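> Quick one: sequence plus predicted model below, questions after.
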Amino acid sequence: MKPLVSAQMMTLADRYTIDSVGIPELVLMEHAALAVVRQLEKRFGRCLASTRGLIVAGHGNNGGDALTCARLLIHGGCQPPVIYQLEGGKVSPSCKHQSKILKNLGISITHQFPNNLQSFDWIIDGFFGTGLSRTVDGLAGKIIRKLGSAELQAWIIAVDIPSGLSANTGVPLGLCVRANETVTFGFIKKGLVTGMAAEHAGSLTLAEIGIPRTIPGLVVDAYLLEQSDVDLPARNPSGNKGQYGHVYVWAGVPEKQGASALVGMAALRSGAGLVSVIGEHLSELRPRLIPELMTEEVGGSFFSDKPAEVAVLGPGMGTQAKQWSVFENALRSPWTLVLDGDALTMLSEQGEKAIALINKRSAQTLLTPHPKEAARLLGCSVQQIQSDRYQAIRKLALTFAPAWIILKGRGTIIANKDSELIVVNEGDSGLSKGGTGDVLAGLVGGIVAQTANSQNIQRALAASVFVHGRASCRLSQKQGTQRASFASEIADEIPAVLSELGQ
């Protein structure tokens, strides 16, 4: 997994590299610029030399990186780009040094922003870096607004971070560049992989540029999951269905029982040995279920009467008093519980009573809220959740200790009160459909049911989220659009993802 750092920790890493290791700042700048140029070369290939480019530079080291790109491109045979630098303001020593080099080489820098942006094939955004903490406005804001013009066809590549994006939260600080690609340096910044970052960062490339991996005092509390990190429970060649867990899915109210069908299908696709849909009034549901799903008519005392297994509660469950009685019985039981949908709504409605029940549990409790559900659980707004998703999941984990939380959304985050954060930045807008959360709940239930011990729970949750996101991406690619996905079709893509993972 790749470490994710805050802007403050990145500053610490830079200073250690320069002051203690002894790598000059200008050398780091050269490596950073080379990484950006390489990505432009990958994008345009042999055509790069004949393209027309614009470089937008600020006053800080981010601007210095951009100015260095200009020199490297020209020396590499490209036609000279237009180099714009914001006039006025305090210029960093290294940025000033790069300006002097360009002047010595006869390469001009303009302080007049070009009007005809449609004539450019690519734009390097080196306006603001990770140190930005104020709202972008004024002339800089006007320029960033122009870079976001609908008529603009240029490929925008951001230096380290899109200008205007918070390196810590992924929230735009007022106006923010929408890049097609971001080349980030040293370590990936927290704000590049969750929330609104997906709308601004584009594809992400990490260039280490010579910054050491181990730095005294560097605090890392979050990591980005990569495909190579996905580790599903092992399968025994001589195993049987009894070794891979039994997942129970509460069917809930008749008009929403399709949700339980999706949960059950995904649980089976994950490799669970047995899956049963349970509840009352299942006669109408049975014909809608695949043959492999079992059904059992049960009452509210089921969880206290049966040996503990894994249960998924909430999708299509309803929130009536009768359903709360079932839910409360489950919370008091030794069952491993995956709580989604209506179960989360009941948690928020019951308040302190529900929190106390969860905090007393010794069995695993897994909450899977989307931002609106998270806001209800914490008694705040969705905007507050999305303004700092890292802080939001910490609050959820402390409130519902010792539960594991999966805070859904682009850049899904997984944690409990004692763990480091794992971010899974896999998925696309095909998941923005009713029923896809039910598929994830089923995956979580199925994979957790196969997990041998509690120490691997976070790994199981991360694998579930990754498989879910990748299944949606595969379906979108197959269909040629992210608009038309059905949740059941995403569940049907799970086997292809598992094959891709070699699992």
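Sure, I can see it.
> Flag every buried residue along stretch 67-78.
Buried residues in stretch 67-78, defined by neighbour count with 16 or more other C-beta atoms under 10 Å: Leu67, Thr68, Cys69, Ala70, Arg71, Leu72, Leu73, Ile74, Cys78. In this view, the C-beta of every residue, glycine as well, is placed from N, C-alpha and C.
> how about the residue positioned nearest the centre of the chain, what does it touch?
Centroid-nearest residue in the chain, with C-alpha atoms, centre = their mean: Gly411, separated by 1.1 Å. Contacts here follow C-beta atoms under 8 Å, 6 or more residues apart in numbering; on that basis Gly411 touches Gly170, Val193, Thr194, Gly195, Ala197, Ala198, Arg389, Val423, Val424, Asn425.
> Among these, which lie within helices?
Ala197, Ala198, Arg389 (DSSP state H).
> Filter those down to the buried ones and express that as a PyMOL selection.
Restricted to buried positions by 16+ other C-beta under 10 Å, the PyMOL selection for the ones in helices among the contacts of Gly411 reads:
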select buried, resi 197+198+389
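> and which of the ones in helices among the contacts of Gly411 is nearest to Gln477?
Among the ones in helices among the contacts of Gly411, Ala198 lies closest to Gln477 (C-beta to C-beta), at 17.1 Å.
> now the strands: where do they sit in the stretch 251-400 of the chain?
Under the criterion DSSP state E, counting those that start in this stretch, the stretch 251-400 of the chain contains strands at 274-279, 294-297, 310-313, 336-339, 365-367.
> before we move on, the earlier item: and the residue nearest to the centre of the chain, how close does it get to Tyr16?
Counting by C-beta to C-beta, to the nearest Å, the separation of Gly411 from Tyr16 is 27 Å.
> For the contacts of Gly411, name the two members farthest from one another.
Top of the distance list for these (C-beta to C-beta): Gly170 and Val424, 14.4 Å.
> residue ranges with poor pLDDT in the chain?
The chain contains residues with pLDDT under 70 at 150-151, 453-455.
> A strand includes Ile123, no?
Yes. Under DSSP: H, G, I helix; E, B strand; the rest coil, Ile123 sits within a strand.
> I'd assumed Ala154 was in contact with it.
Yes. Under the criterion of C-beta atoms under 8 Å, Ile123 makes contact with Ala154 at 4.8 Å.
> Name the residues contacting each of those two.
Common neighbours of Ile123 and Ala154 (C-beta under 8 Å, 6+ apart) are Leu54, Leu117.
> Can you pick out the residue with more neighbours from these two?
Neighbour count, other C-beta atoms under 10 Å: between Ile123 and Ala154, Ile123 has more, with 24 against 19.
> list the contacts for that one?
Listed by C-beta under 8 Å, 6+ apart, the contact partners of Ile123 are Gly53, Leu54, Ile55, Val56, Leu117, Leu147, Ala154, Trp155, Ile156, Ile157.
> ok, so what distance separates it from Asp231?
When distance is defined by C-beta to C-beta, Ile123 is 40 Å away from Asp231.
> On the strand side of things, show who the nearest residue to Leu461 once chain neighbours are set aside bridges to.
Leaving aside its sequence neighbours, Leu461 sits nearest to Ile414 (C-beta to C-beta, 6 or more residues apart in numbering; 5.0 Å). Here Ile414 sits in beta bridges with Ile406, Ile422, going by DSSP bridges.
> Cool, thanks, signing off.
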